[in-house]
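>>> return atomic coordinates for the entry below.
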Amino acid sequence: MKWSRRVDADLRPNRLTGALRAVRAEGRAVIDLTLSNPTEAGLDYPVDLLASLSNPAALVYRPHPLGLPEARDAVAAEYARQGLTVAADRLLLTASTSDAYSLIFKVLCDPGDDVLVPRPSYPLFEHLTRFDGVEARPYDLEYHGRWSIDLASIERAWTPRTRAVLVVSPNNPTGSFVTREELDRIGALCGTREAAIVADEVFADYALDAAARRDAGRVLEGGAPLAFSLGGLSKSIGLPQAKLAWTAVAGDAALADAALARLELAADAYLSVSTPVQVAAGDLLARGASVRAQIQARVAANDRVLRAAVTAESGCEVLAAEGGWYGVVRVPAIAPEEDLVVALLTDEGVLAHPGYFFDFASEAFLVVSLLPDREQFREGVSRVLRHFACRMARP
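So this is what the prediction gives:
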């Protein structure tokens, strides 16, 4: 069989996955500092939070490519909660932000075109672009006490086939917000080269640095000729299983109208969002606020624990983060990162992401989730620091 090159032919598990399977097969407990699923983080979800999914109104199928009007009204109110004005008729609903990316790529790109993506960042972009026959070309985030976009690297990465610049704010895993100045400069570049900005803002509610959040730009307020803002229930209220995401379209009115018309046509071919979750959207967003508050408190508390534990004497460093659910720890580069994380798992029973999963430019970094139970997180961090202190102490 001749398989499509859009799906990676090497489907073997990586070494860390193999080591994790072996440790669990032995029945050993693992402190999971990669946890990204809020429903497994010990949060207090109202037991009837999903009751509105059984609303009898959902028994009537009313397909709408952009999403049911009442659901889009609820999402417009969600943007208003964040201080942004978005008209409901400028919104597209999908089952996930991955679906949204795919539709946006279909509207903006022909096969062989490219989009610019941040590095380091979440590795999903590599797959999503390939699935749509689009090339992902990286631009760089630089760290000098805080993360910032290397705007010159955007210029270097640009080609005649570049159709969009993707930004993530706050970024996963660096936790850096895109500033207003950065968005203005990227928007100006897109304006002269007929490209769009696509902003993944799913972590926008999770600020760790209030000043940085105030200085952050929102793509819907920027000057780009065409801009897309992505969000969803997965992060906004910790309900990844509810499968509802949204895209707001902004910019020049004629371009936004043209984009929405094309998105509507593409979305009509998939109709990916279920009727029950659309009918329930308003109730879920209102009642899910209690879950969001718990996540905000959890990640902020664990961020403080991490920064208090990782002192200069430990030989490790926590990089500055302004938001999101993750912490980045620079550790002694006493071995390749893959060896470091496998040894941490097998010797200490702690699972962490290596930096190379996120395309960090150098070694050695660990990426840890701030979602786990506080005591588990504290113990996991303690083991990480003990492990590297012991390794450094060996002759």
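
>>> wait, P120 sits on F360?
Yes - counting by CB atoms under 8 Å, P120 does reach F360; the two are 4.7 Å apart. Every residue, glycine included, has its C-beta placed from N, CA and C.

>>> who's more crowded, those two?
Taking other CB atoms under 10 Å, P120 and F360 do not tie; P120 has more neighbours (24 against 21).

>>> not counting sequence-adjacent ones, nearest residue to the more buried one?
Leaving aside its chain neighbours, P120 sits nearest to F358 (4.2 Å; criterion: CB to CB, 6 or more residues apart in numbering).

>>> next, that neighbour: phi, psi?
Backbone torsions of F358, given as degrees, to the nearest 10, read phi -110, psi 10.

>>> pLDDT below threshold where in the stretch 1-150 of the chain?
Of all residues in the stretch 1-150 of the chain, none has pLDDT under 70.

>>> kindly recompute the last result at 90.
1-3, 5, 7-13, 123 (pLDDT under 90).

>>> what segments of it are helices?
Along the stretch 1-150 of the chain, the segments classed as helices by DSSP state H, counting those that start in this stretch run 15-25, 69-81, 97-108, 124-131.

>>> residues contacting the last one, please?
Where contact means CB atoms under 8 Å, 6 or more residues apart in numbering, the residues beyond helix 124-131 that reach it are 5-8, 98, 101-102, 105, 115, 117, 135-136, 166.

>>> sort out which residues of that helix are buried, please.
F125, L128, T129, R130 (16 or more other CB atoms under 10 Å).

>>> so what's the closest residue to V165 other than its chain neighbours up against?
What sits nearest to V165 in space, not counting adjacent residues and going by CB to CB, 6+ apart, is L116, at 4.7 Å. Counting by CB under 8 Å, 6+ apart, L116 makes contact with A136, R137, P138, Y139, I154, A157, W158, T162, A164, V165, L166.

>>> my read: the third one touches R119, true?
By that I understand P138. Yes - under the criterion of CB under 8 Å, P138 makes contact with R119 at 3.9 Å.

>>> what touches both of those two?
Counting by CB under 8 Å, 6+ apart, the shared contacts of P138 and R119 are D359.

>>> measure the spatially closest residue to L93 that is not a sequence neighbour to A51 for me?
Leaving out its chain neighbours, the residue that sits closest to L93 by CB to CB, 6+ apart is G67, at 3.0 Å. As for G67, its distance to A51 is 21 Å (criterion: CB to CB, to the nearest Å).

>>> these two: which is more packed in?
A direct count of neighbours by other CB under 10 Å for G67 and A51 places G67 higher, at 24 against 12.

>>> hmm, the more buried one is touching L92, no?
Yes - using CB under 8 Å, G67 makes contact with L92 at a distance of 6.6 Å.

>>> so what sits against both of those two?
W246.

>>> what segments of the stretch 251-395 of the chain are strands?
317-318, 326-330, 350-351, 353-354, 365-369 (DSSP state E, counting those that start in this stretch).

>>> rewinding a little: buried members of the contacts of helix 124-131 into PyMOL, please.
The PyMOL command for the buried members of the contacts of helix 124-131 (criterion: 16+ other CB under 10 Å) is given here:
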select buried, resi 98+101+102+105+115+117+135+136+166
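
>>> can you redo the contacts of helix 124-131 as a markdown table with distance to S229?
Supplementary listing: those in a markdown table, determined by distance: CB to CB, whole Å:
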| residue | distance to S229 |
| --- | --- |
| R5 | 31 |
| R6 | 27 |
| V7 | 29 |
| D8 | 29 |
| S98 | 16 |
| Y101 | 13 |
| S102 | 16 |
| F105 | 16 |
| V115 | 16 |
| V117 | 17 |
| E135 | 23 |
| A136 | 20 |
| L166 | 12 |
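
>>> which one among the contacts of helix 124-131 gets closest to V178?
Nearest to V178, judged by CB to CB, of the contacts of helix 124-131 is L166 at 10.9 Å.

>>> just say helix, strand or coil for that closest one.
For L166, the secondary structure call by DSSP: H, G, I helix; E, B strand; the rest coil comes out as strand.

>>> what's across from L91 in the sheet?
A248 (DSSP bridges).

>>> tally up the residues packed near it, please.
Residues lying near L91 (other CB under 10 Å) number 24.

>>> same check, this time on T346
Using other CB under 10 Å: T346 sits among 15 other residues.

>>> which residues does it contact?
A19, V23.

>>> any idea how far it lies from S369?
Applying CB to CB to T346 and S369 gives a distance of 20 Å.

>>> next: V134.
Counting by CB to CB, the gap from V134 to S369 is 29 Å.

>>> what of V318?
The gap separating V318 from S369 is 14 Å, by CB to CB.

>>> what of N55?
N55 is 34 Å from S369, by CB to CB.

>>> between the two, which has more neighbouring residues?
S369 (24 against 13).
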